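Novice: I'd like to go over a predicted model; first the sequence, then the structure.
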Amino acid sequence: MEENDRRNQNKNTLLKIVILGDGGVGKSCLMSRFISNHFDDHSFHTIGVEFMNKTIEVNGKQYTLQVWDTAGQERFKSLRTPFYRGSDVCILAYAIDDRSSFNNIKMWLNEFLHYAGVKNGIERYPFMVVGNKSDVPSKDREVTHDQLKQWCDDNKISTYIETSAKNDNNVVEAFSMAVQRWVDLDQRAEKELGMFQHPDAVTLHGNGTVSGFRATCCSRITDV
Ligand SMILES: Nc1nc2c(ncn2[C@@H]2O[C@H](COP(=O)(O)OP(=O)(O)OP(=O)(O)O)[C@@H](O)[C@H]2O)c(=O)[nH]1
Ligand SMILES: [Mg+2]
């Protein structure tokens, strides 16, 4: 392993992850389950935004996730939207026993695109859809897993999962998947930037690799 790679391996990448979705779908509970492995049966509605940090390892690398929990109720819109800018990942959450929260995902997607100023298209931004409350009895389920998949296919979002903050099902997995999606898109952007800035560098040594060029992209690498 080269010295540069070794140094990068020991660095910690800070990612801002924002969670959006209707009031009551379980955004705050997902955050508490992830950050402190705690679940509150009588969680209060969030007012504005709150954030908490947690470091996790994905594929042998450290990521500090700054998780931003937002207020889903319409009356708090002006308090939450200023915090969308600078996000690295956006999680769109609904509850599987609440059809209207699923129908509103599109509205949340559009709100984020608008206020975060995402310009490069949905496929190039790490979105993830999370169907929470997967623990509810099947008679109460209003959105199937197939409907989740179909919606994501139709909207060009490739990362989605069902979770239960209550039963601690798939919560860490959801955040790990979100990081992985960010890594994949970041590497793709880096590659494209390299090709753009050094269009004829690909064949210099006859091994098909870009010669000695490494683009920096949107990641923030910090020492911890
Ligand atoms: N059954 C079940 N209930 C959950 C789950 N997650 C959250 N809840 C419950 O759903 C209710 C709302 O959860 P919150 O986390 O406060 O919802 P929120 O999305 O943060 O709501 P706002 O802050 O108003 O936007 C609470 O009563 C939680 O106990 C879950 O995975 N399963
Ligand atoms: Mg909340």
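Specialist: Ah, there it is. Ligands and ions are numbered 1, 2, ... in the order given.
Novice: Kindly provide the distance from Asp98 to Arg33.
Specialist: Between Asp98 and Arg33 the distance is 19 Å, computed by C-beta to C-beta, to the nearest Å. Using the backbone N, CA and C atoms, a C-beta is placed for each residue, glycine as well.
Novice: What of Val143?
Specialist: Val143 sits 20 Å away from Arg33, going by C-beta to C-beta.
Novice: Looking at the two, which one has more neighbours?
Specialist: Between Val143 and Arg33, counting by other C-beta atoms under 10 Å, Arg33 is the more crowded of the two (24 against 20).
Novice: hang on, the more buried one in a strand?
Specialist: No - going by DSSP: H, G, I helix; E, B strand; the rest coil, the assignment for Arg33 is helix, not a strand.
Novice: Thought Ala165 was touching it, still the case?
Specialist: Yes - look at Arg33 against Ala165 with C-beta atoms under 8 Å: they come within range, at 4.4 Å.
Novice: if I look at these two, which residues touch both of them?
Specialist: Here Arg33 and Ala165 have 39, 171 as joint contacts, going by C-beta atoms under 8 Å, 6 or more residues apart in numbering.
Novice: Where in the chain is the helix or strand with the lowest mean pLDDT?
Specialist: Ranking every helix and strand in the chain by mean pLDDT, DSSP states H and E puts strand 220-222 at the bottom, with a mean of 45.
Novice: and this protein, which of its residues are near ligand 2?
Specialist: 27-28, 46 (C-beta under 5 Å from the ion).
Novice: switch the cut-off to 6 Å
Specialist: Counting by C-beta under 6 Å from the ion, the residues of the chain close to ligand 2 are 27-28, 45-46, 69.
Novice: Mark which of those residues are buried, thanks.
Specialist: The neighbour count (16 or more other C-beta atoms under 10 Å) marks 27-28, 46, 69 as buried among the residues of the chain next to ligand 2.
Novice: ok, which pair from those residues is furthest apart?
Specialist: With distances taken as C-beta to C-beta, the most widely separated pair in those is Lys27 and Thr46, at 7.2 Å.
Novice: what do the two both touch?
Specialist: With C-beta under 8 Å, 6+ apart, Lys27 and Thr46 have common neighbours 69-70, 72.
Novice: Ramachandran coordinates for the residue nearest the centre of the chain?
Specialist: In the chain, the residue lying closest to the centroid (C-alpha atoms, centre = their mean) is Val89, at 3.6 Å. Note on Val89: its backbone torsions stand at phi -140, psi 140 [degrees, to the nearest 10].
Novice: Could you count how many residues lie near Ala178?
Specialist: 27.
Novice: my bad, Asp22
Specialist: Number of residues near Asp22 (other C-beta under 10 Å) recorded here: 22.
Novice: Same check on Asp41?
Specialist: Neighbours around Asp41, by other C-beta under 10 Å: 6.
Novice: okay if I get the residues of the chain next to ligand 2 as a markdown table plus distance to Val183, secondary structure and pLDDT?
Specialist: Formatted as a markdown table, the residues of the chain next to ligand 2 follow (distance: C-beta to C-beta, whole Å; DSSP: H, G, I helix; E, B strand; the rest coil; pLDDT from 0 to 100):
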| residue | distance to Val183 | secondary structure | pLDDT |
| --- | --- | --- | --- |
| Lys27 | 23 | helix | 98 |
| Ser28 | 26 | helix | 98 |
| His45 | 33 | coil | 94 |
| Thr46 | 29 | coil | 95 |
| Asp69 | 23 | strand | 97 |
